[in-house]
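Participant: What follows is a predicted structure for the sequence shown.
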Amino acid sequence: MSVFVKGMKMPKGCHSGCPLTDSDAFTCQITGKDIVIYDEDTITSRPSWCPLVEVPTSHGRLIDADAFKKENERLLHCDFPYLYEATLEELIDEAPTVIEAEE
């Protein structure tokens, strides 16, 4: 499982305000990897192994598309497009929200 921290800004690098950097031990608290304090990459940008993923600030309600497709597989292959379009919109509206919309 992952954690979404609402309102957290993406740090530019390990030494640029990342709250997950242990400044005493110079390690990433998520991966346990050592942060080389003289490495330009960890100072000015996030290293390639950084596990943080940015979610756009302005986004709609996020759902689990894979779970949605699995639950609605029969309708997704329906031969009645006029029925399908109306039903699909309703099903999307009823799908469980993973992350609330953010403006």
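Facilitator: Sure, I can see it.
Participant: so after the one helix or strand in the chain whose mean pLDDT sits lowest, what's the next helix or strand?
Facilitator: Ranked by mean pLDDT, DSSP states H and E, the weakest helix or strand in the chain is helix 40-44, scoring a mean of 62. Per DSSP states H and E, helix 40-44 leads on to strand 62-63 as the next helix or strand towards the C-terminus.
Participant: Now do the buried residues in the very next helix or strand once past that next one.
Facilitator: Using DSSP H and E, the helix or strand that follows strand 62-63 in sequence is helix 65-71. Neighbour counts using 16 or more other C-beta atoms under 10 Å place residue 68 of helix 65-71 among the buried residues. Any C-beta I mention is one placed from the backbone N, CA and C, and that applies to glycine too.
Participant: Residues in contact with helix 65-71: which ones?
Facilitator: 76, 91-92, 95-96 (C-beta atoms under 8 Å, 6 or more residues apart in numbering).
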